[in-house]
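>>> build me a model:
(one chain, ligands or ions: 1)
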Amino acid sequence: MSVLLAALEAAKALHLSTPDLRDFAPWPVDLQVTDVTPNLIPATQHVVDCTAPTADQTADFVNAIKALAPHASWKRTYTEEEVGAEFLSRYGYFELYGPTGMAKSESCRAYVGYWGENLVYDWHHHEAEEMYFALAGAATFMTEENDAVFVTPGQTQMHTSNQPHAMATGAGPILTYIVWRGPGLAGLPQMRVE
Ligand code: ZN
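As a prediction, the model looks like this:
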């Protein structure tokens, strides 16, 4: 699928030219393109239509994601009971590469994730370490240890293993590249049980 290869090329160029990403996880050398059955959700079209600002270094990857979006297997981890219908109507992600990704890798995992405007992604955690890289738009990231950080295109936010974190968008959406590493690569985020 040429749109997938184009997206992987754009992701690789960005990954290898960004010290934070490069230092966090190597670009996987074991990628094998697989056949993925598309699964489209409301967020798919939001991504295709996304006009949120990008950075110079993220524009190519964003355009490649818009072209890939209708072919991707979009997922939502949470139920309406957990996060509400509003959240589900403007949120989604797909696994670009990884154990069950559009390109298979046993060594690394990365997602493309989208959150529309005015959403709160409540406190959650997961075993794998994580680095968010903002591609378009912006959001405020929260951890218990540090002050909230407003992350804009070209900036990163890291979470350690099982570190609780939350995120909120403002008047616009955020489109992100999310890299996981370490134990728990195959796990999923867990909402905090209060
Ligand atoms: Zn996370």
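
>>> okay, CA-based contacts and neighbour counts for the rest of this
Will do.

>>> which neighbouring elements make contact with the lengthiest helix in the chain?
For the chain, the helix with the greatest residue count under DSSP state H is helix 2-17. When contacts are defined as 3 or more C-alpha pairs under 8 Å, 6 or more residues apart in numbering; DSSP states H and E, helix 2-17 packs onto helix 19-24, helix 59-68.

>>> got the buried residues for stretch 171-191?
For stretch 171-191, a neighbour-count test (16 or more other C-alpha atoms under 10 Å) marks 172-181, 185-186, 191 as buried.

>>> now render those residues as JSON lines, adding pLDDT and secondary structure.
What follows is those, written out as JSON lines (pLDDT from 0 to 100; DSSP: H, G, I helix; E, B strand; the rest coil):
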{"residue": "G172", "pLDDT": "97", "secondary structure": "coil"}
{"residue": "P173", "pLDDT": "98", "secondary structure": "coil"}
{"residue": "I174", "pLDDT": "98", "secondary structure": "strand"}
{"residue": "L175", "pLDDT": "98", "secondary structure": "strand"}
{"residue": "T176", "pLDDT": "98", "secondary structure": "strand"}
{"residue": "Y177", "pLDDT": "98", "secondary structure": "strand"}
{"residue": "I178", "pLDDT": "97", "secondary structure": "strand"}
{"residue": "V179", "pLDDT": "96", "secondary structure": "strand"}
{"residue": "W180", "pLDDT": "94", "secondary structure": "strand"}
{"residue": "R181", "pLDDT": "92", "secondary structure": "strand"}
{"residue": "L185", "pLDDT": "75", "secondary structure": "coil"}
{"residue": "A186", "pLDDT": "70", "secondary structure": "coil"}
{"residue": "M191", "pLDDT": "65", "secondary structure": "strand"}
